[in-house]
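K.L.:
have a look at this prediction, sequence included:
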Amino acid sequence: MIYSLLTTSVVHTIQSHPNPHKQITPAKRPHEAASITFDDSNLASVTLPHIDPLVIELRVNRFTVERVLIDQGSTSEVMYYKTFIKLGFTELDLSPAHYPLFGFNANLEYPLGKITLPVRAGSRSVDVKFLVVKLPSSYIPIMGRTWLHTLQVVPSTYHQLLRFPTERGIEQIRGSQKSAQACYLLAAKTKKELEESSIEVLDRESLDDDGRLTINRQQLISFLLGNLDVFAWSLYEMPGVDPSVSQHRLNVDPKCKPIIQKSRRSAAEHTTAVVEELDQLLDAGVIREVTYPT
């Protein structure tokens, strides 16, 4: 396998080549693999800049499974116990797994067992051995290098895309940035934080005189957790908003000569708050730093 970076444009290519020093007869000539490339045209539906992982959707044992993390750092495919139960299995369906997993909470984790299930990606389906662990996670399964190499998958987190060869040609699966961000929020927001920031509602179900339905706190929290991808939690998640909605302009007469004002000092806590807010806006790409000569 050869990885090459073309100089004319940003293109990542992986292609199989026969050994040039080995003579190949027509009867033994291998099937030439098609090139798998990524370029800027694949960024049309990607929100930039981003540092999102590649989270996709796959078909696992007759079920469509969302929030599938593509993890090139994992040698094994991992399924969480909650997902395992939702797929209709019990611990009686597990085979023994005699080796531990590394990397979870910086400790060894011994799986409950392993199970082999069919996984379909596009037109290709392969049997995948999942290690089942009883740990909390915002992701449903994790697909590691074993599955990636079996299908000869070439992923690109930057392009939010993975591609793989099939008999019909190169097929692809697009990643979901909304799902990736929702998983991050699920992992970052604890139950305590949600309760502290939740809206006060009546602890009963009833119809008020004005016809509005009231729900208890736990129902509201469950509803918000189940629809995290619907809400915009930061400016980063609202691309395409017209600048006139949020753009700020100084009401300055262009005919006037600019004058440098004296430096004004603010309280330390105010300065810290301003710096944090500016860093968030810069990271989100909403503003950019410019330098004017004086």
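P.N.:
Thanks, I have it.

K.L.:
low-confidence ranges, this protein, go.
P.N.:
For the chain, applying pLDDT under 70 flags the ranges 1-33, 104-107, 188-215, 229, 233-240, 243, 246, 292-294.

K.L.:
figure out the helix or strand that the most centrally placed residue in the chain lives in.
P.N.:
Closest residue to the average C-alpha location of the chain: A180 at 2.7 Å, with CA atoms, centre = their mean. Using DSSP states H and E, A180 falls within helix 177-188.

K.L.:
any chance you could list what contacts that helix?
P.N.:
By CB atoms under 8 Å, 6 or more residues apart in numbering, the surrounding residues in contact with helix 177-188 are 46-47, 50, 52-55, 66-67, 69, 137-139, 160, 225, 228-229, 233, 237. For the C-beta atoms, the positions are set from N, CA and C on the backbone; glycine is no exception.

K.L.:
mind checking which of the residues you listed land in helices?
P.N.:
Members of those lying in helices (criterion: DSSP state H): L225.

K.L.:
contacts for stretch 93-100, please.
P.N.:
Taking CB under 8 Å, 6+ apart as the rule, stretch 93-100 contacts L108, E109, Y110, P111, L112, G113, K114, I115, L131, V132.

K.L.:
residues contacting the third one?
P.N.:
Contact criterion CB under 8 Å, 6+ apart gives A97, P100, L101 as the residues in contact with Y110.

K.L.:
what subset of these is buried?
P.N.:
In terms of neighbour count (16 or more other CB atoms under 10 Å), the buried residues within these are A97, L101.

K.L.:
tell me which of the contacts of Y110 fall in helices.
P.N.:
Among the contacts of Y110, the subset assigned to helices under DSSP H is empty.

K.L.:
for S76, give me its contacts.
P.N.:
Contacts of S76 (CB under 8 Å, 6+ apart): L101, L131, G144, T146.

K.L.:
now the residue nearest to the centre of the chain: how far from R163?
P.N.:
Relative to R163, A180 is positioned 18 Å away (CB to CB, to the nearest Å).

K.L.:
can you pull out the strands in the stretch 151-294 of the chain?
P.N.:
154-156, 161-166, 169-174, 206-207, 213-214 (DSSP state E, counting those that start in this stretch).

K.L.:
looking at those, which is closest to R59?
P.N.:
With CB to CB as the measure, strand 169-174 is the member of those nearest R59 (10.8 Å).

K.L.:
coming back round to it: what would the strands of the stretch 151-294 of the chain look like in JSON lines with distance to V286 and mean neighbour count?
P.N.:
JSON lines is the format used below for the strands of the stretch 151-294 of the chain (distance: least, CB to CB, whole Å; neighbours: other CB atoms under 10 Å):
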{"stretch": "strand 154-156", "distance to V286": "26", "mean neighbour count": "20"}
{"stretch": "strand 161-166", "distance to V286": "26", "mean neighbour count": "20"}
{"stretch": "strand 169-174", "distance to V286": "25", "mean neighbour count": "15"}
{"stretch": "strand 206-207", "distance to V286": "42", "mean neighbour count": "9"}
{"stretch": "strand 213-214", "distance to V286": "36", "mean neighbour count": "11"}
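
K.L.:
I'd like the ones you listed as TSV, with distance to Y80 appended.
P.N.:
Listed next are the strands of the stretch 151-294 of the chain as TSV, based on distance: least, CB to CB, whole Å:
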stretch	distance to Y80
strand 154-156	21
strand 161-166	21
strand 169-174	21
strand 206-207	37
strand 213-214	34
